[in-house]
Every structure is written in C-alpha cells, then in structure tokens.
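# Provided below are the primary sequence and the corresponding predicted coordinates.
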Amino acid sequence: MRRYFGRKLLVYGLTFVVAVTVNWMIPRFMPGDPVAGMVARANVSQPAAVEAMKQYYTGLFGFDQPLWRQYLNFWGALLHGDFGISIWVFPTPVSDVIMGAVPYTLGLMIPSVLLSWVVGNRLGAYAARRKLMDNTVLPIGYVLTAMPYMWLAVLLAWGLGVVAGLFPIAGGYSFSMQPNWSAEFLLDLLHHWALPFASLFLVALGGWAIGMRNMIIYELESDYSTYLAALGAPHRLIRRYAFRNAVLPQITGLALQLGVLVAGALVTEIVFSYPGLGSLILKAIQNQDFFLLQGTFMFIVLGVLAANFIIDIVYVVVDPRTRAGMAGAQA
Amino acid sequence: MSLRVSDLKVHYRTLRGDVRALDGVSFELGDAEILGLAGESGCGKTTLGKSLIRMDGRMRHVGGTVELDGTELPIGDDRRMNDFRFHEVSLVPQYSMSALNPTRKIGKMVGELLRSRGVTPDTAKLLGRLDAVGLPHEVLDRYPIELSGGMKQRMVMVVSTLLDPSLLIADEVTSALDVSTQKAVAKALAGFRDDGFVKSMIFITHDISLTYQIADTIMVMYAGKLAEKAPARTIVEAPRHPYTRMLIDSLPEVGVRHTDRRLSGIAGSPPSLLDPPAGCRFRDRCPLAFDRCAEEPPAAEVAPGHFVACWKA
C-alpha cells in the first residue's frame, strides 16, 4: 500500500515539475512584450519617462535577469504561494485575482461534472435493459455528446435567454448587485448559474449514458453474469453486480474528464461572460498578462493532479484488483 | 430414474435458418449415475447441457421433453425454469476461472446469491464443503483474483452444489486445467456424488480417457444425435458404433510406440447442421457405410444398457 502510493506520488510530483516548467515557458516564449503593452497603455509621450517606466517594470517583474535565474525565481516564489502580480489588474496579486474567480468555476464544474456522471450512469444502466429506453437514450445521447459545449451554450442562451427571456445571459450575478450573503443575491446567483450549468451538464450527460450502456451490456454478457443466471439468481442481483463492475471504467473516465472539462468550461464561461477561471484565461491572453496566465494554468494543473489522486484512492477502494496490483501482481 | 430425456430437439436460430444442434436425443440417467457425454466440437453436447439448465437467447426448444425425478422441466420457459435452477439442477461451467464476480469477496457473493434464492446461508455446511475439496476457510474473505485457477474451479464446484441438486451438469470443466489438476477435479466431482452432495451428474467433455476414469456410463454424440451409449468399460473396450470405434482408435495408448503405429484420426468433418443430410449423419465418413445408411438408424438396445444408432451394430 505504501509503495503503491509512494510511486503514485512520485509520478504526480514529476508531472507537477514538468507542468510548472512548461507553464513558465509558454508565456515567456509567446510573441509580444507585456512591458511595452503596459507602457503603451499608460499613454506617456516623453521618451525619458517611457524609458524610466520600462526599466521600472522590467526590474519589478525580474525580466532583466537571465532566463535561468527567472526560472529559479519562479520556483522560489511558487513555493511561497506567490504567483506574482497581475499585469491586467495591476497591482493586484495574481493569487487574489484567481481566488476571486475560483468559486465561480468550481461552483459550475463540480455540480455539472458529478451530476452528469451520476445521472448519466443511471440513465445508461437503465437504457441497457429496456429496449424502449435504449431506442431513445442512445440517439439523444449521441446528439448531446457530439454537440460542442459552446454551441449548446449559445443555443441555450439564445433560446431560453434572449427569446424566452427566462434566464439572464451574461455575468455571474446582476450588475446592479453587490456580492453578499442575502437570499436575494444567492437566488440571483443561482439564476445566472442555471444556463452555463445546463450546457455543461447536458453535453457531458450524453457521453456518460452511452458509455455506461455499452459497459452494462458487456458486463451482462460476461461469464459471472451467465453463471449467476444459470443458478437462477434474480435479475436484480445480476444487474447490481454488473453496475458495480461497469462503473469502474467510468470512474477512470471521470478523472480524465475533470481535467478536460476545465477547458470546456473556458468557452462556456466566455459565452456567458461568467466570471470564472475561463474568462480569466481569456483576459490574461488578451492583455499579455503572463503572471495571471501562469497562475491560472498552475491552478488547473494542481486541480487535475488532485482530482486524479482522489480517483486513485477511490479506485483502490472499489476495485480489489488494483489492490492486487499493488503487491506487484499483473492482473 | 433420475433424469429422462425424450426425443429432445433444440435448434439455434440464425439468419440463414435453424441449426439443428440437438436433433432428437433420448436417454435416461439413473440415481447416483455419472454420465460422461463425449463427442467432438459441434456435436451438440454443450447444447444438451445448456438445454437442461439455461438456454441462451438464440436457442429454441423445438420438441421433446425432459423429466427430472418425475417432474417435467419447463426448459423452454426461462422464468418457470428458475424454480429448478440451483435447487434441482445446477451447473459447473466451462468458464470457472471467470465465473465469480471480481469485485465481491467470495463469501459475501455466496451469501448474496443464497439469500436471493430465498435460502438462509448455512455457514457450517459451506465450511464443510470447502474442507471436502481442500480449500482453506479464508477463501471466503478473498476476492476471486486472489485464488489460483484450480482454487477458483473448486470454489465454483462448491458454490454450484451447495443446495444439493439432483442433477449436476459439469460442462468441459477440465479443459482449461493441466493434466494433474484435471484428474483431481474429476475425482472431486465423483466424490460429490459418493458423498451425496449431488444425486446424479452429466460430465460433458471431449476427453474420453478422462471420462472413462469417473463415468459409469458414456454417451457419444455425433452431429446432434446420439451415436452410442453404454457402460464406460463397454464403450472403451467393445464399442459397436463405427464412430466410437474410430474415436477410441485415435487415442494414444500408453506403451505404444507411435513410430510403429501412427494414430489414425477420422478423415472428413461432420455435416452442416443447418441442413443436415437424411439418414445416418456419419455415413460420409464411415468405412462401413452401405445403402441402408440412407435411412436413419434408430438407437437400438443391442445389450442391456447398450444403445447404438447404427445398422451394422
């Protein structure tokens, strides 16, 4: 057990180092000069002042140092939880900017990922044993899963927001309000949350349902199901066993999806101008704010790694075969 | 008589028509009898085994009856057949290695299976059965993956016979095992009969020499029909049907140097069961075939308990 998790942690550690390095490289080798951008935004015309500002900013962000030094500084700051200062909303620290956006993204992601997973699995398992359900769930599932997130998002925003006027189509809350804990504000928050949630939920739902349906059909034809049926075990028991076994690959799928969905939420957030990490990434790119970009990516990387680690633990709990694998067995 | 099968016909539905895998088979099985069911692939032996406990979706009961201890088994009716499964008829399947749910501890799985059949689990009995096949009691706390192939095989044998069924169908149980384990498994099954865990047994195999070691009677099938049925010793020492004779002749014998006498084998292959030829189905491969073979030979009792379906017998 300790060796298993030790090895897993080592792999995650390595992944983290590589991710941090790539993360540091991308914005630095991206075309464009952020300092020039900031100076230009300040609208200063005197060459001497421009020169002074350039020097000030370059020194502030450490661009005057050699690249390897910048890399080491980056690690040093990172380990102190310091992601630098945002260029876009100068001089707010990047960590504050991210922390302001994280609740929105998580509030959108966690319910949509988990709910679509749970509901999709149930629906798929149900479809696998009813012809009628199968004939409806399967085509609808295919349509949903083939639909691009943003397209469904646009469709929902147009249909339910613009035409029907049932939901607001932009923002995390009404512009006329200030964030607080009143019931009125929370309701408004929920109202704004509904459409982005629905678009993420529906697209993911189709994929889960199809996957589960296929897995259940496979499991119901497996040897242990046939054996139980030959001994006259009721369908209920056989289906319960089949579900438990069929859900294992779905758990792996969930882990992968957690990572991918952050990117999916990016476009959805942009469609709905939802103030989460996705919108932040867009802003960071538009403003060449690579501290913010780095910080956001770092946060996503950490999130994916943490999610995968949790899934690893869950897997050990639900599948005895992984436990055998820990002892070195090749199942 | 424990089991009486009369003119049983079971066909497989395919897009090209019915495959007559079992085309009118009749036999009887006495109390405490072990019947070895032999024949090459596709002769209908597994179909017969499946028909007696659970037909798969493509199989269709076309005709004939099966009577177990005086009660007719509703073999074509999956739902009604459920009352008999496990309690009266049980199965040790070909796929014992993967017959246990991989994500349940064995003991828990057995408990859930028994309760689902309305039986209160009897721990003492279960432990006794484990002792009988030489499995440690800890296996109940293990997952199937933690057991070796032979252990899984024995575990499945214990589970299948836990309710003391009247008839046990052992379908190719030894084909995945090495020779020494094969014998142990066969002996254990015979022991189940001797100890009264099961009343009678049908032991399906393509391995005549193994069948000979445990079976009281051997039934040889060919192309969906009974070829010959006789006490085990008679089948091996004095077979009457040309197919049985050739089958026995193609087995290696201990002490014979095969450089001197090459194993013969049987030329040709069985006919398609999609549209089988009239008359004796072995006649195309039979060295003794003559005009009358165009007519179907009935299974005649040439000696007490010795049935042969051949005009020349």
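Thanks, I have the structure now. Owing to the predicted nature of the structure, the values given are computational and were not obtained by experimental measurement. Residues are numbered from 1 along each chain as shown, chains lettered A, B, ... in the order given.
# For chain B, give me its nearest residue in chain A.
Using C-beta to the nearest C-beta, the single residue of chain A nearest to chain B is A:G232, 3.2 Å away. Bear in mind the C-beta positions are built from the backbone N, C-alpha and C, glycine included.
# For that residue, what are phi and psi?
As for A:G232, its main-chain torsions (degrees, to the nearest 10) stand at phi 80, psi 20.
# can you count the residues close to it?
22 (other C-beta atoms under 10 Å in any protein chain shown).
# Phi and psi next, for the closest residue in space to it that isn't next to it in sequence.
What sits nearest to A:G232 in space, not counting adjacent residues and going by C-beta to C-beta, 6 or more residues apart in numbering or on different chains, is B:R85, at 3.2 Å. Torsion angles at B:R85 (phi, psi; degrees, to the nearest 10) stand at phi -60, psi 140.
# my guess is B:R85 meets A:Y227, correct?
No - with contact defined as C-beta atoms under 8 Å, B:R85 does not count as touching A:Y227 (11.1 Å).
# So between those two, which is more surrounded?
A:Y227 (25 against 22).
# hey, C-alpha coordinates of the helix or strand containing that one in CSV?
Secondary structure from DSSP states H and E places A:Y227 in helix A:223-230. This file holds the C-alpha atoms of helix A:223-230, laid out as CSV (Å, rounded to 0.1, in the frame of the first residue of the first chain):
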residue,chain,number,x,y,z
ASP,A,223,-19.2,-15.1,-17.5
TYR,A,224,-20.1,-14.2,-13.9
SER,A,225,-23.5,-12.9,-15.1
THR,A,226,-24.1,-16.0,-17.1
TYR,A,227,-23.2,-18.2,-14.2
LEU,A,228,-25.5,-16.3,-11.8
ALA,A,229,-28.3,-16.6,-14.3
ALA,A,230,-27.7,-20.3,-14.7
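# tell me the mean pLDDT for it?
Here helix A:223-230 scores 93 as its mean pLDDT.
# gap between it and the chain center?
Centroid separation between helix A:223-230 and its chain, computed with C-alpha atoms, centre = their mean, to the nearest Å, is 40 Å.
# Which elements pack onto it?
Identification of packing neighbours for helix A:223-230 by 3 or more C-beta pairs under 8 Å, 6 or more residues apart in numbering or on different chains; DSSP states H and E yields helix A:235-271.
# in the helix it packs on, what's buried?
For helix A:235-271, the neighbour count (16 or more other C-beta atoms under 10 Å in any protein chain shown) marks A:237-239, A:241-248, A:250-251, A:253-255, A:257-258, A:261-262, A:264-271 as buried.
# Keep only those of these that are also close to chain B.
Contacts with chain B within the buried residues of helix A:235-271, counted by C-beta under 8 Å from any C-beta of the partner chain: A:L237, A:Y241, A:R244, A:N245, A:L248.
# for stretch B:273-286, what is the average pLDDT?
Averaging pLDDT along stretch B:273-286 yields 88.
# what number of residues lie near A:G37?
16.
# again, but for the one 5 residues further on
Burial of A:A42, expressed as a neighbour count using other C-beta under 10 Å, amounts to 11.
# nearest residue to it other than its sequence neighbours?
Per C-beta to C-beta, 6+ apart, closest to A:A42 is A:M53, 6.5 Å.
# tell me which residues in the helix or strand containing the one you found are buried?
For A:M53, the host element (DSSP H and E) is helix A:47-61. Residues A:M53, A:K54, A:Y57, A:F61 are the ones in helix A:47-61 that count as buried (16+ other C-beta under 10 Å).
# counting contacts, what elements does that helix pack onto?
helix A:34-42.
# Now find how far off-centre the helix it packs on is within its chain.
With C-alpha atoms, centre = their mean as the basis, helix A:34-42 stands 32 Å off its chain's centre.
# who's in contact with it?
The set of residues external to helix A:34-42 that reach it, using C-beta atoms under 8 Å, 6 or more residues apart in numbering or on different chains, is A:50, A:53-54, A:57-58, A:61, A:63, A:87, A:90, A:287-290.
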